[in-house]
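# Fold the following.
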Amino acid sequence: MSNRKLYLGPITDSRRWDMINIRTDDVFVVTPPKSGTTWMQTILALLFSADPDVETELMVKMPWVDARFREMPPVAARLEAMTQRRSMKSHTPMDGLPLEDHAQYICVFRHPLDAHFSFREHLRNLPMPFFDAWYPQDDAEGVTFRRFLDGGAEGFDGDAMPLAHILRHYQAACALADRPNVTMFHYADMIRDLPGTFARMAKLLGITHAPDVMEHLVQAARFDNMKAHAERFAPSGGKGFMKSDSAFFHSGTSGKWVGKLTEAELGAYNAVMDSSLAPKERAWLEFGAAGLSAA
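Numbers count the residues shown, from 1 in each chain. This next block holds a predicted model:
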């Protein structure tokens, strides 16, 4: 994509994509944090391998390219050396990514409030103290939610995952959704119909497996199985990066925010959403296909 936006923060550097030679069969998983990224990557790993016991090793085999945790030259070299079909992860919105006409871009979204509360739990499981001021352990004054509503889409704010960053992701994906190689999935739909998600993804990728193989792959990607084998499915699982691999898969449910916000906080959230999105756009971002059918 020409005139790409620059996303640069304590975690993200979208310039790192300039070092990647994109192939026509590459698959990008593009999401806001805690919106189903690892789940979708796991689905891809299972479909690519046809093996329910595959060692996913997502951080190595399907790297998070725009994250600054690792020096970029070795990441780029490892990707260039791969002979199999490649997939890469990004938390950069689509307007900051290189757009190749034949590569596949899989954009996954989740109710913004569920993503926010999941991100709260996620940060407490990581050695990343630079977000402590945004996400204090003792937050009687509601600092965290105020910053979720007030934060900007880029820079430090963007990496702290405010609502503006989620909306930027969504609007950038919607702007490209008419392209045949840009596809949008919703976490709620994946929960509701995981076999259907596998079938849809397999069709997009041109992959065919026998029905019994697909059933085994679907069972491997169910939340309970991934949590029970967190050292295999969590990013950098078994390497001690997170305090708890199992805690990465905190609950896998929707409605995490119900009963946790005041009426004023919900009102402020609704005001931002209504001013930013048309009713049907908001309905899908929050609830997926069920939201559209109810709109």
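# ok, now how distant is residue 138 from residue 34?
Using C-beta to C-beta, to the nearest Å, residue 138 is found at 22 Å from residue 34. From N, CA and C alone the C-beta is placed, and that goes for glycine too.
# More neighbours: these two, which one.
Per other C-beta atoms under 10 Å, whichever of residue 138 and residue 34 has more neighbours is residue 34, with 25 against 6.
# and the spatially closest residue to residue 100 that is not a sequence neighbour, what does it touch?
With C-beta to C-beta, 6 or more residues apart in numbering as the criterion, residue 100 has its nearest non-adjacent residue at 4.5 Å, and that residue is residue 22. Residue 22 sits next to 98, 100, 103 when contact means C-beta atoms under 8 Å, 6 or more residues apart in numbering.
# Please verify my assumption that the second one contacts residue 21.
No. Applying C-beta atoms under 8 Å as the test, residue 100 and residue 21 come out as separate, 10.1 Å apart.
# These two: who's more crowded?
residue 100 (16 against 8).
# in what helix or strand does the more buried one lie?
Counting by DSSP states H and E, there is no helix or strand that carries residue 100.
# cool, residue 89 as well?
Counting by DSSP H and E, residue 89 is part of strand 87-90.
# And for residue 158?
Per DSSP H and E: residue 158 is located in helix 155-159.
# Same check on residue 149?
Assigning secondary structure by DSSP H and E places residue 149 in helix 143-150.
# Can you show me the strands along the stretch 51-200 of the chain?
Ranges of strands in the stretch 51-200 of the chain, per DSSP state E, counting those that start in this stretch, are 87-90, 104-109, 182-186.
# for the stretch 101-250 of the chain, what are the low-confidence residue spans?
Confidence mapping of the stretch 101-250 of the chain against pLDDT under 70 gives the ranges 122, 125-128, 229-230, 233-250.
# quick one on the thing from earlier: could you export the strands of the stretch 51-200 of the chain as a markdown table, including distance to residue 201 and mean neighbour count?
Listed next are the strands of the stretch 51-200 of the chain as a markdown table, based on distance: least, C-beta to C-beta, whole Å; neighbours: other C-beta atoms under 10 Å:
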| stretch | distance to residue 201 | mean neighbour count |
| --- | --- | --- |
| strand 87-90 | 11 | 24 |
| strand 104-109 | 8 | 23 |
| strand 182-186 | 8 | 21 |
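# Using CSV, please lay out those together with distance to residue 160.
CSV is the format used below for the strands of the stretch 51-200 of the chain (distance: least, C-beta to C-beta, whole Å):
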stretch, distance to residue 160
strand 87-90, 17
strand 104-109, 18
strand 182-186, 23
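# out of those, nearest to residue 167?
Ranking those by proximity to residue 167 (C-beta to C-beta) places strand 104-109 first, at 10.5 Å.
# Could you list every helix and strand in contact with the closest one?
Packing partners of strand 104-109 (3 or more C-beta pairs under 8 Å, 6 or more residues apart in numbering; DSSP states H and E): strand 27-30, helix 37-49, helix 163-174, strand 182-186, helix 187-192, helix 194-205.
# separation between residue 150 and residue 63?
From residue 150 over to residue 63 the distance is 32 Å, taken as C-beta to C-beta.
# One more: residue 10?
As judged by C-beta to C-beta, residue 10 and residue 63 stand 18 Å apart.
# Looking at those two, which is more packed in?
Applying other C-beta under 10 Å to residue 10 and residue 63 shows that residue 63 carries more neighbours, namely 23 against 14.
# Do I have it right that the more buried one meets residue 87?
No. Assessed by C-beta under 8 Å, residue 63 is found out of contact with residue 87, at 9.2 Å.
# if we can go back for a sec, SS state for the residue nearest to residue 100?
For residue 22, the secondary-structure state derived from DSSP: H, G, I helix; E, B strand; the rest coil is coil.
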